[in-house]
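A.B. asks: let me see the structure of the following:
(one chain, ligands or ions: 1)
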Amino acid sequence: MTSSPPSPSASRPARPGPASSRTTPPPGAPAPAPSGEGAAVMLASLAGFDGCFGCGSEAESGLRIRHTGVEDGVVTCEFTVRREHQGAPGLCHGGVLATAMDEALGGAAWLLGNRYVTGRLETDYLAPVPVGSDVHVRAWCTGLDGRKAYLEGEARVGGPDGPVAVRAAGVFIEVPQEHFVPES
Ligand SMILES: CCCCCCCCCCCCCC(=O)SCCNC(=O)CCNC(=O)[C@H](O)C(C)(C)COP(=O)(O)OP(=O)(O)OC[C@H]1O[C@@H](n2cnc3c(N)ncnc32)[C@H](O)[C@@H]1OP(=O)(O)O
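C.D. replies: All right, here's what the predicted structure looks like:
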């Protein structure tokens, strides 16, 4: 009689959530109440800037991520994996997917009504993402602690309810406008 190997779900422990201790808000850190006002103020402050590698229309080599909405504090965006995004043959590069997560978590941070930069970004890759895929990303804030905003997000393949390919958690740090360098 031949025996078959145990199924992955039987042999491996369940995967933990995306956040490590460094991307988990400290006990008591408030989760912000959703508000559309912060997004409006921040979008106005970015008016005329199209150079973002993630979402900028003027960034020719960028991902051209499309921001599709904000609801109850959750930011949604999407992009299509092109040939130039490959890592291994036929599959999206992990750094490209990390960029998309950075963009979405960053958007959920800026939604809070202040300017934030990425301090730490953690990513779990759960499934390969083929070239040609539409990748749907969502992100939300899990807590605020002084200048630190804690964020989580996930990327799904093929549609908003498709299989989860990436999960991410991060800490974004609030900075003043003067942190940025004016374009020359
Ligand atoms: C819908 C809305 C759409 C909006 C669209 C817009 C989308 C935009 C999307 C954009 C997406 C793309 C986004 C991008 O690509 S952002 C570009 C990539 N990121 C950077 O360039 C950041 C580079 N780093 C720095 O500039 C400085 O180190 C910063 C400013 C971050 C801190 O230096 P600063 O001297 O100012 O502050 P501090 O050192 O006193 O630290 C302050 C607090 O922060 C805590 N800390 C610091 N580092 C980390 C860390 N790694 N993990 C955890 N925590 C960290 C630190 O412990 C301290 O906590 P506490 O001691 O107070 O408790």
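A.B. asks: in the chain, what residue is nearest the ligand?
C.D. replies: Gly106 (2.6 Å; Cβ to the nearest ligand atom). Placement of C-beta: from N, CA and C, glycine included.
A.B. asks: Lys148 contacts Thr118, correct?
C.D. replies: No - using Cβ atoms under 8 Å as the test, Lys148 is too far from Thr118 to be in contact (11.6 Å).
A.B. asks: would you mind listing the buried residues in the helix ranked longest in the chain?
C.D. replies: The helix that spans the most residues within the chain, counting by DSSP state H, is helix 94-110. Residues 96-110 are the ones in helix 94-110 that count as buried (16 or more other Cβ atoms under 10 Å).
A.B. asks: residues contacting the residue nearest to Gly69 when sequence neighbours are not counted?
C.D. replies: By the measure of Cβ to Cβ, 6 or more residues apart in numbering, the closest residue to Gly69 outside its immediate chain neighbours is Thr76, 4.8 Å from it. Residues in contact with Thr76 (Cβ atoms under 8 Å, 6 or more residues apart in numbering) are His67, Thr68, Gly69, Val70, Ala104, His136, Val137, Arg138, Pro160.
A.B. asks: tell me which element Glu152 is part of?
C.D. replies: In this structure, Glu152 sits in strand 148-157 according to DSSP states H and E.
A.B. asks: which strands and helices lie in contact with that strand?
C.D. replies: helix 94-110, strand 134-145, strand 164-174 (3 or more Cβ pairs under 8 Å, 6 or more residues apart in numbering; DSSP states H and E).
A.B. asks: parallel or antiparallel, list what pairs with the second one.
C.D. replies: So that's strand 134-145. Applying DSSP bridges, strand 134-145 is found paired with strand 74-80 (antiparallel), strand 148-157 (antiparallel).
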